[in-house]
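Novice: Let's see this in three dimensions:
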Amino acid sequence: MRTSTPARVGQYTALLAYLVFLAFPFLWLVSTAFKPPRELGSLHPTWIPEDPTLANFRQAFDEQPLLHAALNSLLAALAAALIAVLVATPMAYVVARRRTRLAKAVTGWVVVSQAFPFVLLIIPMFLVLKNLRMINSLPGLVLVYVVWALPFALWMLAGYVRAVPRELEEAAAVDGAGRVRTLVSVTAPLLAPGIVATGLFAFITAWNEFFFALVLLKTPEKQTLPVVLTHFIGAEGVADLGPLAAAAFLATLPSLVVFALIQRRITGGMLTGAVKS
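Specialist: Presented below is the predicted three-dimensional model:
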């Protein structure tokens, strides 16, 4: 059944409104980052800066150690994404291929665990890290990020594993390949789009995470970028708007660049995983 013209126009209008709704905060952030103080305090704000300047970026770098904080965030996010994918891939294979009560229980627990609030998790995690003497350290933060990302990574990768035909694994078994070799040589290459998508989501989650980093990292030189961004807000809650917007704009660039470079593989992986999830 073909969609009528008025209905199609309504769909496109709703889609355009949704895109504008999503893009408005980012566009306003970019505009604010390039505005001089005179325009930031104007009673008649404009979309496009009348006198664009880079002074906000220079001030942001002068006031806070943004590059060092970005390096901390990058190391933590990359390590967390890599470990989460390496651990979740064989676990997802077992959950997807073995239809047992234990596998179903694991899947149910994964879904339920995503509903836990941060506040409920931070206390036991803090105590565990304290016993391991990993408080105020990037390895401790990476461990927390892995624990937080692992259920979601497992759930996503299990869907991708189910989309891989069993016949390919059976053919490998006939040729004498064991479970581990089948997973590495046959299943893993077919899971590449899903692994990339899962790793990217884990990376973005760790890159943007604020609450755990705020609680666990106390030394300024170990703090991540989201925590350092709060230093642009004064004790009375007054924000240095120009440098804050400039620093926040720079903080969003890595995620946007990575997503733009591999968006096709992400889309393919998500669609593949959705077929039999």
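Novice: residues touching N56, list them.
Specialist: A33, F34, K35, G242, P243, A245, A246 (Cβ atoms under 8 Å, 6 or more residues apart in numbering). Any C-beta I mention is one placed from the backbone N, CA and C, and that applies to glycine too.
Novice: Which residue in those has the weakest pLDDT?
Specialist: In terms of pLDDT, the lowest of those is G242, showing 87.
Novice: so how many other residues sit close to that residue?
Specialist: Taking other Cβ atoms under 10 Å as the neighbour definition, G242 ends up with a count of 23.
Novice: Go ahead and confirm it touches F57.
Specialist: No. If you go by Cβ atoms under 8 Å, G242 and F57 don't touch, sitting 9.1 Å apart.
Novice: what residues are shared contacts of the two?
Specialist: By Cβ under 8 Å, 6+ apart, the residues touching both G242 and F57 are A33.
Novice: Now, the contacts of N56 that are in helices?
Specialist: If you go by DSSP state H, the contacts of N56 have A33, G242, P243, A245, A246 in helices.
Novice: Can you pick out the most distant pair from the residues you listed?
Specialist: Maximum pairwise distance among those (Cβ to Cβ): 8.8 Å, between A33 and P243.
Novice: Quick check: neighbours shared by these two?
Specialist: N56, F57.
Novice: What sits closest to P65 if chain neighbours are left out?
Specialist: V228 (6.9 Å; Cβ to Cβ, 6 or more residues apart in numbering).
Novice: Output the below-cut-off pLDDT ranges for the stretch 151-277 of the chain.
Specialist: 235-238, 261-277 (pLDDT under 70).
Novice: hey, where'd the strands end up in it?
Specialist: For the stretch 151-277 of the chain, strands defined by DSSP state E, counting those that start in this stretch do not occur.
Novice: ok, L229 - how many residues close by?
Specialist: L229: 20 neighbours (other Cβ under 10 Å).
Novice: now it: how far from V184?
Specialist: Counting by Cβ to Cβ, to the nearest Å, the gap from L229 to V184 is 41 Å.
Novice: and if you look at L67?
Specialist: 38 Å.
Novice: likewise S137?
Specialist: From S137 to V184 the distance is 32 Å (Cβ to Cβ).
Novice: residues of stretch 242-253 that come out buried?
Specialist: G242, P243, L244, A245, A246, A247, A248, F249, L250, A251 (16 or more other Cβ atoms under 10 Å).
Novice: Find the nearest non-adjacent residue to the second one, please.
Specialist: The spatially closest residue to P243, leaving aside those adjacent along the chain, is A60, at 3.9 Å (Cβ to Cβ, 6+ apart).
Novice: Does the one helix or strand L121 maps to pack against any helices or strands, and if so which?
Specialist: L121 is part of helix 118-131, with elements assigned from DSSP states H and E. Other elements packing on helix 118-131 under the criterion 3 or more Cβ pairs under 8 Å, 6 or more residues apart in numbering; DSSP states H and E are helix 138-162, helix 211-216.
Novice: For the residue most central in space within the chain, give me its contacts.
Specialist: Taking Cα atoms, centre = their mean, the centroid of the chain lies closest to I204, which sits 2.1 Å from it. Contacts for I204 were tallied using Cβ under 8 Å, 6+ apart; they are A77, S255, F259.
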